[in-house]
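Trainee: My questions concern the predicted model and sequence given below.
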Amino acid sequence: MTESGDNNIVSELKSTSPVSSTERIEIIDLLRGCAILGILVINIMGYSMPEKAMEIPNAGGGHTGVNLIVWSIGNLFFLQKFLSLFSMLFGAGMILMWRRIESSGRQFSPIYYRRLGWLLLFGIVHAYFLWWGDILFYYAVCGLAVYPLRKLSARTLIVSGFLVYMVTSLFYIGIGFGIGYLKGEAETAALAQEEGKELTSDQEGSLSLWETLSKEIAPTPEAIAKEIEVYQSGYWSIFAKRFLNVLLMQTIGFVIYIFWHILGMMMIGMGLFKTGFLTGLKSKKFYLATMVIGYVVGFSLSGYYVDQYINSGFALDVLFGDTVITNRLAVIATLAGHVSLIILFYKSNLWSWLRQSLIAVGRMALTNYLTHTVVFIFIFYGFGLGLFGTVDRLGQIWFVFGMWGLQLVISPLWMKRFRFGPVEWLWRTLTYGKKQPMRI
């Protein structure tokens, strides 16, 4: 199937130079701005706490009282939602760029490959030398994977994208089944040991393997303390720790989880862009209904997952169990609600100053994203202020609010004077092979 029957979202632009400010789709920029700020609510945990604390609350940052509330709200509203939105917008942006360049009679593929090649390099540098939670590397690789799919119909992209996105559930359920089985075997062996019975070799193996796996997935207090010590030390000690983490994420983690999530969301974003959903072409009633349904379904499913996880004492077999399907569906539903709410906000003409500030944040999203890393690794790592592992979840939110305020003020001031953010300018200059005009 081809895209011949899809809505033509934008007029065909005749210039092959980068998109000017008057040619951009403001709603896409607004969504991107919200996405980059929303991502920080989750990423702040990666900057400031042990890696496992993102999904396992008792691994750092506090898991009781107000800190548990902060973690729960993060899961309901933010976890995977704004990363997914950013991924969708990457796919949508590829369709927009393809239409614009092809309409001028030039070949899209050389420009697109150069663009992703430089993004891949940015991602490698960012991941290995600055922060392990980089997403640019994965976007570049997945961006290459979606390129051959650009001519598919909106429906095909959305349906197949959803199926690709759900592949991760199969991995998690399989892992969860294995964890549950091993946990049961280990508990049986431990009970036999307490009763003074001689253990079989299989039982001894189950106990040993369960102990090792538990420490790896849910680190011990000693392991957490050691990780905090590393990140409070010098740059090269942190580099050595980060190198192995990044290598594992870009290989095993990429195959099991990251690839399917980002690729699926990019495909869904491509399809939704073609339908006009992401660019505000639907009616206000449509977006209102989508928002209400999305939030009711999404929060109900997320709430169920969070409740099960908390009541289990953050058990590994719940984290990786069949509730992962519930959580994956919750992301889709909540994301539909978020997108609809943001578009309704755009259409309402309320708080125009905030709308324009968020649009500016979105127009220089790459700069703002990398700014998060530079600022927060200085604040939390040992070669800076060394606050790693010392700020609880509630305290982290104040850092998020501070960064939001700064970027909502600085971004529009910058965009009044310049065409692009500084990193966007560098990326475009490298992509097009010539220096791009910067000042307006």
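Mentor: All right, it came through fine. Residues are numbered from 1 along each chain as shown.
Trainee: pLDDT score for the nearest residue to Tyr257 once chain neighbours are set aside?
Mentor: In space, and not counting its chain neighbours, Tyr257 is closest to Thr168: 5.1 Å by Cβ to Cβ, 6 or more residues apart in numbering. In short, each C-beta sits where N, CA and C put it, glycine included. Looking at Thr168, its pLDDT stands at 85.
Trainee: and if you look at Ala145?
Mentor: Reported pLDDT for Ala145: 95.
Trainee: Could you measure from it over to Gly123?
Mentor: Computed as Cβ to Cβ, to the nearest Å, the Ala145 to Gly123 distance reads 15 Å.
Trainee: more neighbours, the two?
Mentor: Gly123 (20 against 14; other Cβ atoms under 10 Å).
Trainee: That one is in contact with Phe137, isn't it?
Mentor: Yes: applying Cβ atoms under 8 Å, one finds Gly123 in contact with Phe137, separated by 3.1 Å.
Trainee: Report all helices and strands that the helix or strand encompassing the residue nearest to Tyr257 contacts.
Mentor: Per DSSP states H and E, Thr168 falls inside helix 154-194. Judged by 3 or more Cβ pairs under 8 Å, 6 or more residues apart in numbering; DSSP states H and E, helix 154-194 is in contact with helix 201-217, helix 259-275, helix 316-319, helix 323-348.
Trainee: now the angle between helix 154-194 and the second one, please.
Mentor: With axes from the mean of the first three to the mean of the last three Cα atoms, to 10 degrees as the criterion, the two stretches helix 259-275 and helix 154-194 enclose an angle of 150 degrees.
Trainee: starting at the chain centroid, how far to helix 259-275?
Mentor: Averaged C-alpha coordinates place helix 259-275 at 13 Å from its chain's average position (Cα atoms, centre = their mean, to the nearest Å).
Trainee: next one: the first one
Mentor: Between the mean C-alpha point of helix 201-217 and the mean C-alpha point of its chain there is a distance of 32 Å (Cα atoms, centre = their mean).
Trainee: For it, list every residue counted as buried.
Mentor: 203, 206-207, 210, 213-214, 217 (16 or more other Cβ atoms under 10 Å).
Trainee: And the pLDDT for Arg439?
Mentor: Arg439 carries a pLDDT value of 89.
Trainee: do the same with Thr326
Mentor: On the pLDDT scale, Thr326 gets 88.
Trainee: What count of nearby residues applies to Phe299?
Mentor: Other residues within reach of Phe299, judged by other Cβ under 10 Å, total 17.
Trainee: The helix or strand harbouring it packs against which elements?
Mentor: Assigned by DSSP H and E, Phe299 belongs to helix 284-311. Helices and strands touching helix 284-311, as assessed by 3+ Cβ pairs under 8 Å, 6+ apart, comprise helix 65-73, helix 316-319, helix 323-348.
Trainee: still on that earlier bit, between the helices and strands packed on helix 154-194, which gets nearest to Tyr113?
Mentor: The minimum distance between Tyr113 and these falls on helix 259-275, with 16.2 Å, by Cβ to Cβ.
Trainee: Just the terminal-to-terminal distance for stretch 273-281.
Mentor: Terminal residues of stretch 273-281 are spaced 10 Å apart (Cα to Cα, to the nearest Å).
Trainee: what do you get for stretch 315-326?
Mentor: End-to-end distance (Cα to Cα), stretch 315-326: 16 Å.
Trainee: buried sites along it?
Mentor: 315-321, 323-326.
Trainee: which residues are contacting that stretch?
Mentor: 55-56, 166, 168-169, 172-173, 175-177, 179-180, 183, 213-214, 217-218, 301, 304-305, 308-309, 312 (Cβ atoms under 8 Å, 6 or more residues apart in numbering).
Trainee: Show the buried residues in these.
Mentor: 55-56, 166, 168-169, 172-173, 175-176, 179-180, 183, 213-214, 217-218, 301, 305, 308-309.
Trainee: Quick one: work out the angle between the helix or strand encompassing Gly143 and helix 154-194.
Mentor: Per DSSP H and E: Gly143 is located in helix 136-146. If you take the same axes, to 10 degrees, helix 136-146 sits at 130 degrees to helix 154-194.
Trainee: how far out from the middle of the chain is helix 136-146?
Mentor: Offset of helix 136-146 from its chain centre (Cα atoms, centre = their mean): 13 Å.
Trainee: Show me what it is packed up against.
Mentor: helix 81-103, helix 108-129, helix 259-275.
Trainee: Let me see the backbone angles for the spatially closest residue to Pro57 that is not a sequence neighbour.
Mentor: With sequence-adjacent residues excluded and distances taken as Cβ to Cβ, 6+ apart, Pro57 is closest to His63, at 3.6 Å. The phi/psi pair for His63 (degrees, to the nearest 10) reads phi -130, psi 20.
Trainee: got it, and Leu247?
Mentor: The phi/psi pair for Leu247 (degrees, to the nearest 10) reads phi -60, psi -40.
Trainee: Arg155 against Gly271, yeah?
Mentor: Yes: contact status for Arg155 versus Gly271: in contact at 7.0 Å, counting by Cβ under 8 Å.
Trainee: who has more neighbours, those two?
Mentor: Neighbours were counted for Arg155 and for Gly271 using other Cβ under 10 Å; Gly271 has more, 29 against 14.
Trainee: how much space between the more buried one and Thr429?
Mentor: 31 Å.
Trainee: Tell me where the stretch 251-400 of the chain is predicted with low confidence.
Mentor: 322 (pLDDT under 70).
Trainee: repeat for the stretch 101-250 of the chain
Mentor: For the stretch 101-250 of the chain, the ranges with pLDDT under 70 are 216.
Trainee: can we see that at 90?
Mentor: 101-108, 168-223 (pLDDT under 90).
Trainee: So which residue is dead centre in the chain?
Mentor: For the chain, Leu83 is the residue whose C-alpha lies nearest the centre (Cα atoms, centre = their mean; 2.6 Å).
Trainee: surely Leu430 meets Leu116?
Mentor: No: applying Cβ under 8 Å as the test, Leu430 and Leu116 come out as separate, 11.4 Å apart.
Trainee: which one of those two has more residues nearby?
Mentor: Legend: neighbour count by other Cβ under 10 Å for Leu430 and Leu116, higher for Leu116 (20 against 17).
Trainee: pretty sure that one is in contact with Val146, am I right?
Mentor: No: the pair Leu116 and Val146 does not pass the contact test of Cβ under 8 Å, sitting 10.4 Å apart.
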